[in-house]
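Novice: Model the following, please.
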Amino acid sequence: MNAPGITPCKALQSEIIQGPTKNHETIQQLKSLFDLFSTLYSEDNHTLLQNSSQGHVTMTSSLARMLPSLKTKDPIIKLFLTSIENHIKVYCEGGMLSAFLCLKIFLTSLSGEIKPHVISNIYDWLLDKVVIYLQSDQSSCKKEFNFANIDMLKHLVRSQLSAYTSTYLNDTEIQHMIQLVVNAFVSSIPEDGDYSDLYNIQYQCVEGKPPLESHLIDGLLYQMPHLTLKKSVSVILSGLTSKTDATKVVLYNISLSGDSEVFSDMNFEIKVPSVQDNEVDTLHDSWWMNKILTQLKRLNIDILACQKVVHPTLTKMCQNEKILVIDRLGEAMANQLLKMTDSQAVTLMTQKLEETHIGLLSEVKALRFAEKTFLTLQGKSSNLKTMVLCHRYEEPLQELKERCEAANHVLKLTLYNPYVFVTKGQWLLDVASHIAGIIGSCDEGDIKSIGCTRLEFVTAGRNLLKCFKHVAVSSDEDKDSVDLIEAELEDICVGLDSYNVKTSDELTDHYPEDDKAANSAVNDDKLYSFRTQTKALYCAVKTALLLLKIDKVIINPN
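Specialist: Sure, this is the predicted structure:
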């Protein structure tokens, strides 16, 4: 029985629609996205996306910042965008390649007469062969990365910074930012060489300053806009900066604002002191504040840090005892502070403080920059760095931050898998050539295990080969080398079109070693991470296969 005045909402009927291979509206949206990514992927033809969302305009040529601005109600489009977005979250790079190649494979597969599930089986089988080839020593397109070579480090970073026009950096500024990113990465490596425990680089954005004023700072950088406004805080800080011994800090990763679940059944009463009194505004039930303060005084703590919010009353009580309070650190900065000081977080208000909760800082000081006051916290044996990024405008500054984060992440991934590609597109042509060799040497047993005819296998393999070739030549990078291999592949495709399948030996003769050597002698002013690029290829093919396999879509409007 419903309550008076409440009318039950009638449930809407779920709708079943055709999958992406038969839904004309979805196909048109995917084609529009393909045109957009095709333009953005081109090395010399970047454009800017302007999207007004709730009054904010985003200007970017980076897919990581673009995807959140792309809104759609189509579940298939959402599935595609989510797949690409998840790849970017993990690898920070290769999203544009993955999106472009995925849509090219999907749209190309619609034009033939082969059933989607047969195409999926063929592509899945070929993808496994490609992955094995790329990871083997037979792949001639990858190059071992030498971290002792500073030029190679710069070239890998350059591929992340110079390819995005929306950062609005000139050559001098790009060189400065490349050197900054390399220095930050090198300094983040622990002295013991343990790569499994690398420090993350912290970023502080400053708008209104030229990019050449970007710089590195040792330790954490915490913005304190109220620092110069409160004399009591300045006095405390002066005492900390003049200390000869280590500064003690305790971090709470819970809220100290009094709104904790611990006090969900408690009533608070505010007592307002008289004007003549100089006493602290206190809560009637402030036992938990007194307990925290007593423990801080007992252990001679200099700084109370909080991941969330500290109650103003507790802040004032601490200041009266010459204890500095810094709050709203956020999860990322709080974790870095714990790591930098080799301490543990306090997880309960009523928890007794132990020695393991006390972190030691070697230096605490204030600095003034861009009309803002910052507090620098430096550990005794920490390689943690903060990168202060400057730009004249807001949007390019956010783009620059995203690119620096991606460059640092790519360097870390390359540390674990030290191989790179010398060009943006040539390795895809090498993969296409390998696919052609697989098609020519595949026996009847393999074709039978896939579940297709030889004609279907050759046709689908040829289409996949052409997709790789199309994406490779779209980069317009190293044009002479690309044109040479493209001509070789065109001859192979003609042979496949006429069903004149070449053997693997014939394909090897068609692509002699001298040509390979010539093709590898490219300008390596830019290097591309082997791991991020190959994972982007894998994500592209797998996402395309997923779209091809969807036959029906159930839409629940409720």
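
Novice: Strands of the stretch 101-250 of the chain, start to end?
Specialist: In the stretch 101-250 of the chain, the segments counted as strands under DSSP state E, counting those that start in this stretch are 142-144, 202-207, 215-218, 220-223, 247-252.

Novice: how about the third one: buried residues?
Specialist: So the one you mean is strand 215-218. 217-218 (16 or more other Cβ atoms under 10 Å). C-beta: built from backbone N, CA, C; applies to glycine.

Novice: check contacts around residue 293.
Specialist: 314, 317-318, 321, 323 (Cβ atoms under 8 Å, 6 or more residues apart in numbering).

Novice: Most widely separated two among those residues?
Specialist: Spatial extent of those (Cβ to Cβ) is set by the pair 314 and 321 at 10.9 Å.

Novice: okay, these two: which has more neighbours?
Specialist: Between residue 314 and residue 321, counting by other Cβ atoms under 10 Å, residue 314 is the more crowded of the two (26 against 12).

Novice: so the residue lying closest to the more buried one once chain neighbours are set aside is in which element?
Specialist: Spatial nearest neighbour of residue 314, excluding adjacent residues (Cβ to Cβ, 6 or more residues apart in numbering): residue 289 at 4.7 Å. Using DSSP states H and E, residue 289 sits in helix 287-298.

Novice: That helix versus strand 247-252: what angle between them?
Specialist: 150 degrees (axes from the mean of the first three to the mean of the last three Cα atoms, to 10 degrees).

Novice: helix or strand right after helix 287-298?
Specialist: In N-to-C order, the element after helix 287-298 by DSSP H and E is strand 303-306.

Novice: For the residue positioned nearest the centre of the chain, give me the backbone phi and psi.
Specialist: Closest to where the C-alpha atoms of the chain average out (Cα atoms, centre = their mean) is residue 92, at 3.3 Å. Note on residue 92: backbone dihedrals following degrees, to the nearest 10 are phi 60, psi 0.

Novice: And it, how close does it get to residue 201?
Specialist: Per Cβ to Cβ, to the nearest Å, residue 92 is found 13 Å from residue 201.

Novice: what do you get for residue 290?
Specialist: The value you get for residue 290 to residue 201, if Cβ to Cβ is used, is 40 Å.

Novice: and if you look at residue 72?
Specialist: Counting by Cβ to Cβ, the gap from residue 72 to residue 201 is 34 Å.

Novice: So the two - more neighbours on which side?
Specialist: Per other Cβ under 10 Å, whichever of residue 72 and residue 201 has more neighbours is residue 201, with 22 against 13.

Novice: where's the residue lying closest to residue 29 once chain neighbours are set aside, which helix or strand?
Specialist: Of all residues not flanking residue 29 in the chain, residue 77 sits nearest, at 5.5 Å (Cβ to Cβ, 6+ apart). According to DSSP H and E, residue 77 maps onto helix 75-91.

Novice: which helices and strands does that helix pack with?
Specialist: helix 24-41, helix 63-66, helix 95-110, helix 394-416, helix 530-549, strand 552-555 (3 or more Cβ pairs under 8 Å, 6 or more residues apart in numbering; DSSP states H and E).

Novice: now these as CSV including mean neighbour count, mean pLDDT and distance to residue 360?
Specialist: Output for those, formatted as CSV (neighbours: other Cβ atoms under 10 Å; pLDDT from 0 to 100; distance: least, Cβ to Cβ, whole Å):
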stretch, mean neighbour count, mean pLDDT, distance to residue 360
helix 24-41, 16, 89, 48
helix 63-66, 22, 83, 37
helix 95-110, 24, 93, 41
helix 394-416, 21, 90, 27
helix 530-549, 22, 94, 37
strand 552-555, 12, 84, 57
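
Novice: who wins for proximity to residue 246 among those?
Specialist: The nearest among the helices and strands packed on helix 75-91, by Cβ to Cβ, is helix 394-416 at 29.2 Å.

Novice: Adjacent strands (with direction) for the next helix or strand after that closest one?
Specialist: Sequence-wise, the next helix or strand downstream of helix 394-416 (DSSP H and E) is strand 419-421. Applying DSSP bridges, strand 419-421 is found paired with strand 142-144 (antiparallel), strand 528-529 (antiparallel).

Novice: so where is the stretch 451-558 of the chain shaky, pLDDT-wise?
Specialist: Within the stretch 451-558 of the chain, the stretches with pLDDT under 70 are 476-524.

Novice: Cool, thanks, talk later.
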